[in-house]
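J.: Structure of the sequence below:
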Amino acid sequence: MILEIVSPEAKLFSGEVTSVTLPGVDGSFQILNHHAPIVSILEKGTIKIAAPSFNFSKEVAGKFTKVNDQTYTLEITSGTIEMKDNKIIVLVD
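T.: Residues are numbered from 1 along each chain as shown. As a prediction, the model looks like this:
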């Protein structure tokens, strides 16, 4: 599935991922391949991204924390997420 993470300043990430864990207002939740369509509000917390490989631009690489070769995290203060047709769009602050 495709994940795009966008902030007011820049597109932070765009690429193929295997799973995404997000800090929802009612608790953390995970999205896997072929998840049902969903729209949700995110609260302050950590987005955990699992992917076979990562390619960050130099301008945004410092925002992400490497857990291992296939997992990175991103701290956010709030946001929204939409999952539809195997594409996830996350708008973050």
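J.: got any ranges where the chain has weak pLDDT?
T.: Filtered on pLDDT under 70, the chain yields no residues whatsoever.
J.: can you pull out the strands in it?
T.: Secondary structure of the chain (DSSP state E): strands at 2-6, 11-16, 19-24, 27-32, 38-42, 45-50, 64-68, 71-76, 79-84, 87-92.
J.: Output the ones you listed as a markdown table; include the columns distance to S57 and mean neighbour count.
T.: Quick note: C-beta positions are derived from backbone N, CA and C, even for glycine. Shown next, in a markdown table, are the strands of the chain (distance: least, Cβ to Cβ, whole Å; neighbours: other Cβ atoms under 10 Å):
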| stretch | distance to S57 | mean neighbour count |
| --- | --- | --- |
| strand 2-6 | 12 | 18 |
| strand 11-16 | 8 | 15 |
| strand 19-24 | 19 | 19 |
| strand 27-32 | 24 | 13 |
| strand 38-42 | 23 | 15 |
| strand 45-50 | 15 | 19 |
| strand 64-68 | 11 | 12 |
| strand 71-76 | 14 | 18 |
| strand 79-84 | 20 | 17 |
| strand 87-92 | 16 | 18 |
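J.: Reformat those strands as JSON lines; add distance to F56.
T.: As requested, these are exported to JSON lines (distance: least, Cβ to Cβ, whole Å):
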{"stretch": "strand 2-6", "distance to F56": "11"}
{"stretch": "strand 11-16", "distance to F56": "7"}
{"stretch": "strand 19-24", "distance to F56": "16"}
{"stretch": "strand 27-32", "distance to F56": "20"}
{"stretch": "strand 38-42", "distance to F56": "20"}
{"stretch": "strand 45-50", "distance to F56": "11"}
{"stretch": "strand 64-68", "distance to F56": "6"}
{"stretch": "strand 71-76", "distance to F56": "8"}
{"stretch": "strand 79-84", "distance to F56": "18"}
{"stretch": "strand 87-92", "distance to F56": "15"}
